[in-house]
Structure formats: C-alpha cells, structure tokens
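[1] here's my sequence, what's the structure:
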Amino acid sequence: MFFSVIVPLYNRPAEITEMLESLTKQAYHEFEVIVVEDGSMNRSEEIVRSFSDRLQIHYYFKENQGQGFARNYGFARAKGDYFIVFDSDIIVPDNYFQQVVRGLKDNGWDAFGGPDAAHKSFTPIQKAISYSMTSPFTTGGIRGNKNHVGIFHPRSFNMGISRKVWEETGGFKLSRRSEDIEFSIRLINAGYKVGLIPDARVYHKRRTSLNQFYRQAYAFGRGRIDIYCLYPKELKPVHALPALFVLGVYLLVMINVTNFLTLDGIYLLHLLGLAGNLVVGLYILILLVHALIDTGSIRVAVLSVLAAFTQLWAYGSGFLSEYAARFLMNKKSQSID
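    Next up, the predicted model:
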C-alpha cells in the first residue's frame, strides 16, 4: 500500500521543516511527499529539497489559488494508492502510517480522517488553542473522536482519500474556507465509505497567537454559511451556538450597563443580569477545571479559557457577518463563485 502525502504551503518555511522532519521518522516507509508551494513570496524550495536524501519528496511551485486547488495540483502528480492531506503546521507521530494501514484494512475506507492533539513541545498558547479546538465545551469536540456528533467529516489537516475518489470526484471544488467540509459532504452524499481512524493522530500547532486564532475562527464561521448555501441540510443547531453566544454577550453587557446606570431600575433586568453573570461565571469555571485536568497546567488552563472565548466570539461573529452579507445585503462569497 503506497501513499502520497500532499502538503500545500503558503509563506510558512519555518513550519515545513519540523513537519518533514517528523516524516523521516516513520516506521512505515512506503510513501512519497509532494509539497505544493501556492504562490508564496517566502519560498521553501531549498528547505524541501534538503530532505531529498531522506524522503521521496517532490517540490512544485504554482500561482496562488488557495489550499484546495493546491491539493488538487498535488493529487494530479501523485503516484500513491491513497492520498493523504496534511497541513504544514503539524507533527506526524512515527506510527501514523501503521495506524492508517490498519484502519484501511479493517474498514476499507474510501476517505478517512484522524484526530489532532497538542504535542509536549508546543507553547502554552498553542496548547490552549488545541484545547479550545478539541474541547467538548466549545465548538471543538464534535469531530475527530469516537463520540463525535453526527456523521464524521474528515478535515484537511489530517485527511485521506483513495486514488479512485480523486479520479471520480476531481478533488476539492472550493479554493479555500471550508473547502474540506464541502469535499467531505460531497463524498458522503455520493455514497463513498467515509470514516474516522481514531489512532491516526497528528499533533497540530494551529496558530501561535490569539490574534491569529481569532482570524482563523472568524473564517470558519463565515465558511459555515458558505456550506449552508451549498448544502442547506448541513446547517445544524450546534453550528449556530457561537452566534447565539455573541448575541447573548451583547445583551448581557447592555443589561449590566443599564443596571449600573439605574441602580433603582427594573427589577427583572437586575434578575436577568444576575442570572447571566452567574452562567458566564459557571462556564468559565467549567472550562478552567476541565482544561486543568486535560492539560495538567494552570497556565495553559487559564489561556484555554481565553482561547475558548476567542474561538466562540470569532466563529460566531464570522457566522453572523457572512449571514448578514449573503442574506440581508445579497453579496456573493468569493470562496464559492
């Protein structure tokens, strides 16, 4: 069983070194690596070629079109029986391919994905962001685990497809922003056998600051509306929870300000303010305790609370912004034009 690893790359030479280094340590060696530089200004050709004595590796440079089309570019040049898509900001455990081979033999997946986790070498903020993206108390935790909600949809940081799937579907149809969700939905709707390989885990750095994380989560929220426009039935109540969180925070702030300015004001508003503040306080406490148990670090736990609120606010704001643009102002999304 031969694999082709496809890695789209855009201005991230520092990340690709660690990712490729982890691939040199694999216990299973039947794979090639295809790095597709998607119009980067800060190119990584020399870094990639420095691994040519340790990996079957190929480097390509193309004009910038987005990661979805960069992956398709790699698929078209791949030799493998299966194609595996990785983001450039991951570390691959040395038993990864062994787990994939076992999962494919046991289940015969046409397309598959695996979970992600934080590596011990990650910075505290990276560990906090990883917690937020996988926690059952945020928008994370609903995929990439045995108890995910609904049908499992592989995500592009750790995703695999058979050559047959590529040849029959043509790969990604969107260039960026929820392109992996659209692809997964299309595969499931077409009747391909799609599933999770729980032990095919990767360590995912995601973003290195809350500001970067905010921009990423904001795009995720906008992307969910893109998916809704293409597949209306795929919008579930859980996807709107961050938007309700944003609206709820706005309402709570207004109530608290009103109560502060009118100390002898409306009794009901005081009750609502008290109840809302208690709910927020309880939620913070739950996040803090769970993150402390999960990560074993009080510093990471505190940062995890900040990351969780950043994620919910950004995703919810992006969701509301794109909904208003598309359905109230009749604007089109560049990602699906």
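
[2] all strands of the stretch 1-150 of the chain, in order?
    Per DSSP state E, counting those that start in this stretch, the stretch 1-150 of the chain carries strands over the ranges 3-9, 31-38, 57-62, 82-86, 90-91, 111-113, 116-117.

[3] list the contacts of stretch 288-303.
    Applying CB atoms under 8 Å, 6 or more residues apart in numbering, the set of residues contacting stretch 288-303 from outside is 118, 124-125, 127-128, 131, 135, 137, 304-305. (C-beta placed from N, C-alpha, C; glycine too.)

[4] re the thing from before, can I get the strands of the stretch 1-150 of the chain in CSV with mean neighbour count?
    As requested, the strands of the stretch 1-150 of the chain are exported to CSV (neighbours: other CB atoms under 10 Å):
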stretch, mean neighbour count
strand 3-9, 26
strand 31-38, 23
strand 57-62, 17
strand 82-86, 25
strand 90-91, 22
strand 111-113, 25
strand 116-117, 19
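
[5] could those strands be laid out in TSV, adding distance to residue 158 and mean pLDDT?
    Formatted as TSV, the strands of the stretch 1-150 of the chain follow (distance: least, CB to CB, whole Å; pLDDT from 0 to 100):
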stretch	distance to residue 158	mean pLDDT
strand 3-9	11	97
strand 31-38	14	96
strand 57-62	19	96
strand 82-86	7	97
strand 90-91	7	94
strand 111-113	6	96
strand 116-117	6	90
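
[6] output the ones you listed as CSV; include the columns distance to residue 317.
    Output for those, formatted as CSV (distance: least, CB to CB, whole Å):
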stretch, distance to residue 317
strand 3-9, 26
strand 31-38, 27
strand 57-62, 33
strand 82-86, 28
strand 90-91, 27
strand 111-113, 27
strand 116-117, 24
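
[7] quick one: closest of these to residue 188.
    Closest approach to residue 188 among the strands of the stretch 1-150 of the chain is made by strand 111-113 (8.6 Å; CB to CB).

[8] can I see the domain layout of the protein?
    3-114+154-208, 229-328 (automatic domain parsing).

[9] chain center to the longest helix anywhere in the chain, what's the gap?
    Among the segments of the chain that qualify as a helix by DSSP state H, the longest is helix 267-295. Mean-position distance between helix 267-295 and its chain equals 27 Å (CA atoms, centre = their mean, to the nearest Å).
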